[in-house]
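> here is my input; please provide its structure:
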Amino acid sequence: MVQLSNNGLVAAEHGRHALISANAQGLEGFSTEEVTKVIELFQRLIDNLER
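This next block holds a predicted model:
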């Protein structure tokens, strides 16, 4: 099993907050339907890259 150190946990938390903030900024002005579509499209892109 892999376990993060205390420093790793702090870094992961900072990264999570940065990601949430960037997502909110990038999706500003999008409707709920548009956000849903963007998520669906990115998931398809990820699925394609993981093949």
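> may I have the helix or strand residue 41 falls within exported as CSV, CA atoms only?
Using DSSP states H and E, residue 41 falls within helix 32-49. Extracted in CSV, the C-alpha atoms of helix 32-49 (Å, rounded to 0.1, in the frame of the first residue of the first chain):
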residue,chain,number,x,y,z
THR,A,32,-25.1,23.6,-16.1
GLU,A,33,-25.8,21.8,-19.4
GLU,A,34,-22.6,23.1,-20.9
VAL,A,35,-20.6,22.1,-17.9
THR,A,36,-22.1,18.6,-18.1
LYS,A,37,-21.2,18.4,-21.8
VAL,A,38,-17.6,19.5,-21.2
ILE,A,39,-17.2,16.8,-18.5
GLU,A,40,-18.6,14.2,-20.8
LEU,A,41,-16.3,15.2,-23.6
PHE,A,42,-13.2,15.2,-21.4
GLN,A,43,-14.1,11.8,-20.1
ARG,A,44,-14.3,10.5,-23.6
LEU,A,45,-10.9,12.0,-24.4
ILE,A,46,-9.4,10.4,-21.3
ASP,A,47,-11.0,7.0,-22.2
ASN,A,48,-9.4,7.3,-25.7
LEU,A,49,-6.0,8.1,-24.2
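> what lies in contact with it?
Helix 32-49 has contacts (Cβ atoms under 8 Å, 6 or more residues apart in numbering) with 27, 30. In this view, the C-beta of every residue, glycine as well, is placed from N, C-alpha and C.
> hmm, try it at 6 Å
Applying Cβ atoms under 6 Å, 6 or more residues apart in numbering, the contact partners of helix 32-49 are residue 27.
> let me know the average pLDDT across it.
Helix 32-49 shows a mean pLDDT of 97.
> got it, and stretch 8-23?
pLDDT averaged over stretch 8-23 gives 97.
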